[in-house]
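*Asks:* I need the structure of the sequence given here:
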Amino acid sequence: MFQKIKRFKDRHPFTSLMLVAIAVRIIVVICVPGFGSNRELQHPTLLVAFLDLVKGKLGIGESQAMMLLSRSLYATVSLFTVSMIYRIADLSSNKQNAWLMGLFPAFCCVMPAFGIIENASAFLGLPLVLYGCNVVLRQEVLRQANFTENVHRTSFLIAGLMLGFGVCVWYESVFILFTTLVILCMRRNYKGALMTLLGTMISITFAGLLLFAFSVNPLKYIQL
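*Replies:* Numbers count the residues shown, from 1 in each chain. Predicted coordinates for the structure are as follows:
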């Protein structure tokens with residue numbers, strides 16, 4: 001039995017990792033009702049602005065069913081964190097090391113206050129930031145391998161969009177964005193850095209205008 005599991009893991013490292021992550025999340029969502037409540041959503045961010053807007057429109061209040069739904073959504077979103085960490089590690093190392101790196105978020109990053117992330121904004125912004133970093137890294141790996149026909153400027157634009165939305169949700173991730181731009185410039189990929197910055201500005205502007213359209217002042221929620 002153990003040998004079959006090991007063979008499956010070796011042949012399908014990403015699938016086996018995600019199955020472990022899903023199993024952990026099912027157990028936590030059902031058996032640990034104290035985690036995943038909205039008590040973490042006290043930090044004023046654009047994410048809170050959107051949640052306040054949705055709750056007001058739908059008349060949503062606190063209940064056991066809503067807490068179960070909240071924990072389920074947190075657990076589902078956290079799967080993207082596991083996936084992105086695996087893919088980033090795979091690009092920079094190999095699948096075996098990527099699988100081992102993925103085990104950490106598989107068990108820890110289940111939901112806010114259950115692992116290394118306490119704040120819900122950071123928890124929900126992390127997958128967006130990681131996705132943007134993954135796109136940038138993949139394009140740089142292709143460029144370094146001289147696969148120039150596979151390197152597209154639009155990929156850096158998409159990375160910037162994701163990083164920008166990540167900053168809207170988790171303000172502190174602006175330092176990750178800044179570091180990414182500096183690294184691209186140090187590698188003399190100025191066009192990639194420019195497209196990434198452009199995508200970031202587009203997504204941040206879009207988020208602000210969308211809130212204004214619904215009569216929500218985004219400046220009210222911009223506090224570090």
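
*Asks:* just the terminal-to-terminal distance for stretch 159-178.
*Replies:* Stretch 159-178 has an end-to-end distance of 13 Å (CA to CA, to the nearest Å).

*Asks:* who touches it?
*Replies:* Stretch 159-178 is contacted by residues 45-47, 119, 121-122, 124-126, 128-129, 131-133, 135-136, 139, 180, 195-204, 207, 222, 224 when judged by CB atoms under 8 Å, 6 or more residues apart in numbering. Just so you know, the C-beta spots here come from the backbone N, C-alpha and C atoms, and that holds for glycine as well.

*Asks:* do stretch 137-149 as well
*Replies:* Contacts of stretch 137-149 (CB under 8 Å, 6+ apart): 88, 91-92, 150-152, 155-156, 159, 184, 187, 189, 192.

*Asks:* before we move on, what about stretch 18-29?
*Replies:* Contact partners of stretch 18-29, identified using CB under 8 Å, 6+ apart, comprise 35-36, 68, 71-72, 75-76, 78-79, 82-83, 102-103, 105-107, 110-111, 114.

*Asks:* try it again with 7 Å
*Replies:* 35, 71-72, 75, 78-79, 82-83, 106-107, 110, 114 (CB atoms under 7 Å, 6 or more residues apart in numbering).

*Asks:* try stretch 86-103
*Replies:* Contacts for stretch 86-103 (CB under 7 Å, 6+ apart): 13-14, 17, 82, 85, 130, 133-134, 137-138, 141.

*Asks:* again, only this time at 10 Å
*Replies:* Applying CB atoms under 10 Å, 6 or more residues apart in numbering, the contact partners of stretch 86-103 are 9-10, 13-14, 16-18, 20-21, 81-85, 105-106, 130-131, 133-138, 140-142.

*Asks:* show the buried residues in those residues.
*Replies:* The neighbour-count test (16 or more other CB atoms under 10 Å) marks 9, 13-14, 16-18, 20-21, 81-85, 105-106, 130-131, 133-138, 140, 142 as buried among the contacts of stretch 86-103.

*Asks:* top helix in this structure by residue count?
*Replies:* helix 64-92 (DSSP state H).

*Asks:* what mean pLDDT does that one have?
*Replies:* Helix 64-92 shows a mean pLDDT of 84.

*Asks:* next SSE downstream of it?
*Replies:* Downstream of helix 64-92, the first helix or strand assigned by DSSP states H and E is helix 95-108.

*Asks:* list the buried residues of that following helix.
*Replies:* Neighbour counts using 16+ other CB under 10 Å place 98-99, 101-102, 105-106 of helix 95-108 among the buried residues.

*Asks:* dump that helix to PDB, restricted to CA.
*Replies:* Below are the C-alpha coordinates for helix 95-108, written out as PDB (Å, rounded to 0.1, in the frame of the first residue of the first chain):
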ATOM      1  CA  LYS A  95       9.300  18.600  -8.700                       C
ATOM      2  CA  GLN A  96      10.600  16.700  -5.700                       C
ATOM      3  CA  ASN A  97      11.600  19.900  -3.900                       C
ATOM      4  CA  ALA A  98       8.500  21.600  -5.000                       C
ATOM      5  CA  TRP A  99       6.400  18.800  -3.500                       C
ATOM      6  CA  LEU A 100       8.200  19.200  -0.200                       C
ATOM      7  CA  MET A 101       7.800  23.000  -0.200                       C
ATOM      8  CA  GLY A 102       4.100  22.600  -1.000                       C
ATOM      9  CA  LEU A 103       3.600  20.500   2.100                       C
ATOM     10  CA  PHE A 104       4.100  23.600   4.400                       C
ATOM     11  CA  PRO A 105       1.200  25.700   3.100                       C
ATOM     12  CA  ALA A 106      -0.800  22.500   2.600                       C
ATOM     13  CA  PHE A 107      -0.900  22.000   6.400                       C
ATOM     14  CA  CYS A 108      -0.500  25.600   7.600                       C
END
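
*Asks:* right, I'll call it a day here.
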